[in-house]
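Trainee: Here you go, sequence then predicted model.
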Amino acid sequence: MMFDNARIKLTAWYLLIIMAVSIAFSLFIFRVADHEMVRIDRRQQLLRERFKIEMFRRGMLEDYNVPIDIIDLRKRIIFTLSLVNLVIFMIAGGAGYFLAGRTLKPIKDMIDEQSRFISDASHELRTPLTSLRSAMEVHLRDKKLSLAQAKSLIAANIDDVNKLQSLSDALLQLAQYQKPNHSWLVEPLRVDQLVQQAVRRLEILAKKKNINIKNQAENHKMEGNKQGLIDLLVILLDNAVKYSPPNSQIVINSKKTDRSVSVSVKDEGIGIAGKDIPFIFDRFFRSDYSRSKTKATGYGLGLSIAKKITDLHRGTISVDSKPDYGSLFTVRLPVKQSSHKS
């Protein structure tokens, strides 16, 4: 309703401006045409007086000292200009309504996206908060609460708090990359160094599951935002470790062409069902297959952030995966990046 009203108001403003210009132009045309008709009439009068030449049939009106054919021409011009302005009014109304819709659509999409984001975030935050409150309320009613039970409650609460912190960190990270005027520092980079820094962050988690991360990325040179690309690689590696079985392997490769650099992360994990692949980059999406196959925790924000970082680099991210056969994520980025604000 709000956007319908805004669209109508914007259409009215478009129409007002167009009709003001059209009417002003019509008045100008009428004044010019009228001036020319008067000038021609004077010449006719001179010809009649000097040479007795009757170029047009004339009839004099008692109230106007002007030939009747000029008055008729004036009426025709006024009628024609009025008809033209009516047509312009109808066409401008339809075109203005269409353009108003196109103008407001990005704003509407942005507000809808923000509303969905707030709704999704609120839903995800509600679950651990409800768990925390319920556990504390139950134990507070227990008058015979022992020290061991209290410690158990605190440990469980700390676990929920850690989940909340993880979610808030992910939400802040996503919000950072979604800022309309997000400053995007571009600098020369080497792919192998970016991968090394990302692997370093996941070493401890990988060792806990005895997962070998095989880094085969080469020293390809490119331009990009260093922190953004490291975050992107960390997300892909974190997912690979999280959804891979113990004693498996993750392989990182890179390839370069004249205009682009591609980095791939291949794991031997649970894979992704075909029906879920179109949605894996949506916020808060977690497939039923991954939920049933693993106890890995997460909120489905990582790949959304990875997609946003890739988009900011004007690149593409794709996945090739089958259930129980692992996944291959490939990020393709331009070699050259122009400095910009997104």
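Mentor: Structure's in. What do you need?

Trainee: Do a quick rundown of the helices in the stretch 1-150 of the chain.
Mentor: Ranges of helices in the stretch 1-150 of the chain, per DSSP state H, counting those that start in this stretch, are 2-51, 68-141, 147-177.

Trainee: if we compare the ones you listed, which one ends up closest to residue 276?
Mentor: For the helices of the stretch 1-150 of the chain, proximity to residue 276 was assessed by CB to CB; helix 68-141 is nearest, at 17.3 Å. Bear in mind the C-beta positions are built from the backbone N, C-alpha and C, glycine included.

Trainee: what's the spacing between that closest one and its chain's center?
Mentor: Centre-to-centre, helix 68-141 and its host chain are 16 Å apart (CA atoms, centre = their mean, to the nearest Å).

Trainee: elements contacting that helix?
Mentor: helix 2-51, helix 147-177 (3 or more CB pairs under 8 Å, 6 or more residues apart in numbering; DSSP states H and E).

Trainee: Turn the helices of the stretch 1-150 of the chain into JSON lines, including distance to residue 262 and mean neighbour count.
Mentor: Shown next, in JSON lines, are these (distance: least, CB to CB, whole Å; neighbours: other CB atoms under 10 Å):
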{"stretch": "helix 2-51", "distance to residue 262": "40", "mean neighbour count": "13"}
{"stretch": "helix 68-141", "distance to residue 262": "29", "mean neighbour count": "13"}
{"stretch": "helix 147-177", "distance to residue 262": "21", "mean neighbour count": "14"}
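
Trainee: closest one to residue 321 among these?
Mentor: helix 147-177 (22.0 Å).

Trainee: Number of residues surrounding residue 198?
Mentor: Residues lying near residue 198 (other CB atoms under 10 Å) number 25.

Trainee: Just the element for it, please.
Mentor: Element membership of residue 198 [criterion: DSSP states H and E] is helix 191-208.

Trainee: Show me the contact partners of that helix.
Mentor: Residues from elsewhere that reach helix 191-208 (CB atoms under 8 Å, 6 or more residues apart in numbering): 212-213, 215, 217-222, 226, 229-230, 233-234, 237-238, 241-242, 250, 252, 254, 256, 261, 263.

Trainee: Kindly supply the PyMOL command isolating those of the residues you listed that are buried.
Mentor: Applying 16 or more other CB atoms under 10 Å to the contacts of helix 191-208 leaves a buried subset, and the PyMOL line that selects it is:
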select buried, resi 213+217+220+222+229+230+233+234+237+238+241+242+250+252+254+256+261+263
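
Trainee: Filter the contacts of helix 191-208 down to the ones in helices?
Mentor: Among these, the members falling in helices are 226, 229, 230, 233, 234, 237, 238, 241, 242 (criterion: DSSP state H).

Trainee: How about the contacts made by the first one?
Mentor: I take that to be residue 226. 185, 187, 189, 194 are the contacts of residue 226 under CB under 8 Å, 6+ apart.

Trainee: Which residue is the nearest non-sequential neighbour of residue 308?
Mentor: Closest residue in space to residue 308, ignoring its immediate chain neighbours: residue 177 at 4.5 Å, by CB to CB, 6 or more residues apart in numbering.

Trainee: for the one you found, what are its contacts?
Mentor: 228, 305, 308, 309, 312.

Trainee: Of the residues you listed, which is the nearest to residue 336?
Mentor: Within these, proximity to residue 336 (CB to CB) peaks at residue 312, which comes in at 14.8 Å.

Trainee: distance of the closest one from residue 231?
Mentor: Relative to residue 231, residue 312 is positioned 11 Å away (CB to CB, to the nearest Å).

Trainee: Show me the domain layout of the chain.
Mentor: Here the domain parsing of the chain from automatic domain parsing is 2-112, 120-177, 188-341.

Trainee: Take those and lay them out in JSON lines including mean pLDDT.
Mentor: Formatted as JSON lines, the domains of the chain follow (pLDDT from 0 to 100):
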{"stretch": "domain 2-112", "mean pLDDT": "79"}
{"stretch": "domain 120-177", "mean pLDDT": "76"}
{"stretch": "domain 188-341", "mean pLDDT": "86"}
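
Trainee: Residue 268 looks like it's in a helix, true?
Mentor: No. With DSSP: H, G, I helix; E, B strand; the rest coil as the criterion, residue 268 is assigned coil and is not in a helix.

Trainee: ok so, going back, using TSV, lay out the helices and strands packed on helix 68-141 together with distance to residue 319.
Mentor: Below are those laid out as TSV (distance: least, CB to CB, whole Å):
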stretch	distance to residue 319
helix 2-51	35
helix 147-177	19
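
Trainee: Out of those, flag the one nearest residue 81.
Mentor: Taking CB to CB, helix 2-51 is the member of those nearest to residue 81, at 4.4 Å.

Trainee: just checking, what packs against the closest one?
Mentor: Using 3+ CB pairs under 8 Å, 6+ apart, helix 2-51 sits against helix 68-141.
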